[in-house]
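Colleague: Return a 3D structure for these sequence lines:
(one chain, ligands or ions: 1)
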Amino acid sequence: MSRSHDLFIAAQKHIPGGVNSPVRAFKSVGGDPVFFKAAKGAYLTDEDNKQYIDYVGSWGPAILGHAHPDVIAAVQRQAEFGLTFGAPTVMETTMADLVCELVPSIEMVRMVSSGTEATMTAIRLARGYTGRDKIVKFEGCYHGHSDSLLVKAGSGALTLGVPSSPGVPDSLANHTITLTHNDADEVRKVFSEIGDQVACIIVEPVAGNMNCILPEPGFLETLREVCDEHGSVLIFDEVMCGFRVGLQGAQGRYGVQADLTTYGKVIGGGMPVGAFGGKKAIMSHIAPLGPVYQAGTLSGNPIAMAAGLTTLHMLKEADFYDRLEAKTLQLVQGLQQVADKHQIPFTTNHAGGMFGFFFSEEKSISRFAQVTQGHMERFKRFYHGMLQEGVYLAPSAYEAGFISIMHTEEDIAKTIAAADKVMATLV
Ligand code: PMP
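Modeller: Numbers count the residues shown, from 1 in each chain. A predicted model of the protein is given here:
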């Protein structure tokens, strides 16, 4: 038995389910979660000293690879000066200036400590700004675990089969309208009926919590249009795709601007960070400028700012995203080739350093409903085969994969060779 097995049993004594975040428990793929003790570049090392090529990247932040020397140096330097002040620092201004410089739709930004806080506050701000209660979201998108957003949610909520969580009062859930992702006609219809009651639309412009689903042409544009027509706030939840699918995230890639944008993951360079920002006219409603309340003891934490700023500066290198996307392409094309070779129905999606694959007969997947049971079953076997071969994928068929700038051609070739071996067993 592996050391991870013993550690998982020990963990379950005092941690619910042995984990501090549900998908880590391997419920959907079965077996014991792997306990890691170190990570460097594209590689993870587990408690048995086995190495894995990592395509999770801590669920997205590790875009520079794990423990990038410049990020570690920045964190160490800052640690010497103190871990937290709970008072303003220069780095917070530098961070805000940088985000506003990089993303044209953002005029003001507030740092928080997680993606959940960012989306929860963006919703509150949209409600406070418009004086309306209803929010529109899409089935299969995940926006963190605040009450209003845990209705037909994606990610772990989907994986564990509780997309609408107990504990969320009906009186609150009733204000959340969940529509079919990528269905522009449905959005138009709903807005023609009740658009004037809708505070905001929140969407993952590149969805990464129902596997990886790209926006159909015209979908994001329709969201922009109906929000403009009805005075609703358009929130792009770029916690996952921000600084991941391009320097300006999904809004740069698809040319549609949000009113408010939420960030997490990459922006913290591996430290617990989230952010929300957008138009000054809306952001001015947040405390202390305005009446909508939001606060955080560790918000804008200096260590987190040091890691995030160092990371963002490196992403500004002229060809960073071209190099990153070339790696993603090498991976998804290689996987497609071996699947074709073994005549396994298979298709992939990708954007920048984010990808998804589906065991499916359908050649193009853009709807949540297309992520089928057949995919789940093959995925589980593929997952464990790859783990055995030393490739660490997200332990759920509903999650996107992530690549880092440190994944070499050789790492990717090794991954494809492993997939070749594993797919031979799936036929
Ligand atoms: N929004 C999106 C799009 C996410 O992917 C996530 C987390 N995976 C969140 C919000 C919540 O972020 P956190 O887990 O940092 O609270």
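
Colleague: same for the longest helix along the chain, what does it pack against?
Modeller: Longest helix in the chain by number of residues (criterion: DSSP state H): helix 320-341. If you count contacts as 3 or more CB pairs under 8 Å, 6 or more residues apart in numbering; DSSP states H and E, helix 320-341 packs onto strand 347-351, strand 354-358, helix 409-424. (C-beta placed from N, C-alpha, C; glycine too.)

Colleague: Enumerate every residue touching A11.
Modeller: Under the criterion of CB atoms under 8 Å, 6 or more residues apart in numbering, the contact list for A11 reads G18, V19.

Colleague: Equivalent analysis for the one 5 residues further on, please.
Modeller: For P16, the set of contacting residues under the criterion of CB under 8 Å, 6+ apart is empty.

Colleague: ok, back up a step: how far out from the middle of the chain is the longest helix of the chain?
Modeller: Centre-to-centre, helix 320-341 and its host chain are 20 Å apart (CA atoms, centre = their mean, to the nearest Å).

Colleague: Okay, now the unreliable bits of the stretch 1-150 of the chain?
Modeller: Nowhere does the stretch 1-150 of the chain drop to pLDDT under 70.

Colleague: Any residues of it in contact with the ligand? List them.
Modeller: Neighbours of the ligand within the stretch 1-150 of the chain, by CB under 6 Å from any ligand atom: W59, S114, G115, T116, T119, Y142, H143, G144.

Colleague: ok, which pair from the residues you listed is furthest apart?
Modeller: Greatest spatial distance in these: W59 and T119, 15.2 Å, computed using CB to CB.

Colleague: Please list all residues in contact with the most centrally placed residue in the chain.
Modeller: The centroid of the chain falls nearest to M240 when counting by CA atoms, centre = their mean (2.5 Å). With CB under 8 Å, 6+ apart as the criterion, the residues that contact M240 are W59, G60, E204, V206, G208, N209, G264, K265, M354, A400.

Colleague: Now secondary structure and neighbour count too, for those residues, in JSON lines please.
Modeller: What follows is the contacts of M240, written out as JSON lines (DSSP: H, G, I helix; E, B strand; the rest coil; neighbours: other CB atoms under 10 Å):
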{"residue": "W59", "secondary structure": "helix", "neighbour count": "20"}
{"residue": "G60", "secondary structure": "coil", "neighbour count": "24"}
{"residue": "E204", "secondary structure": "coil", "neighbour count": "28"}
{"residue": "V206", "secondary structure": "coil", "neighbour count": "29"}
{"residue": "G208", "secondary structure": "coil", "neighbour count": "31"}
{"residue": "N209", "secondary structure": "coil", "neighbour count": "26"}
{"residue": "G264", "secondary structure": "strand", "neighbour count": "28"}
{"residue": "K265", "secondary structure": "helix", "neighbour count": "27"}
{"residue": "M354", "secondary structure": "strand", "neighbour count": "26"}
{"residue": "A400", "secondary structure": "coil", "neighbour count": "30"}
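
Colleague: between those residues, which is closest to A369?
Modeller: Nearest to A369, judged by CB to CB, of these is N209 at 15.1 Å.

Colleague: Please tell me the pLDDT value assigned to that closest one.
Modeller: N209 is assigned 95 on the pLDDT scale.

Colleague: That one reaches Y398, doesn't it?
Modeller: Yes - contact criterion CB atoms under 8 Å: N209 and Y398 qualify, at 6.6 Å.

Colleague: what do the two both touch?
Modeller: Counting by CB under 8 Å, 6+ apart, the residues touching both N209 and Y398 are G154, S155, L158.

Colleague: Select from those every entry located in helices.
Modeller: Per DSSP H, the shared contacts of N209 and Y398 map to helices at L158.

Colleague: now whichever residue of the chain sits closest to the ligand, nearest residue through space, not along the chain?
Modeller: Across the chain, the shortest distance to the ligand (CB to the nearest ligand atom) belongs to G115, at 2.2 Å. The shortest distance from G115 to any non-neighbouring residue, by CB to CB, 6 or more residues apart in numbering, is to G264 (3.2 Å).

Colleague: give the contact list for that neighbour.
Modeller: Contacts of G264 (CB under 8 Å, 6+ apart): G60, S114, G115, A118, V239, M240, G242, V273, G274, A275.

Colleague: Let's see that with 7 Å instead.
Modeller: S114, G115, A118, V239, V273, G274 (CB atoms under 7 Å, 6 or more residues apart in numbering).
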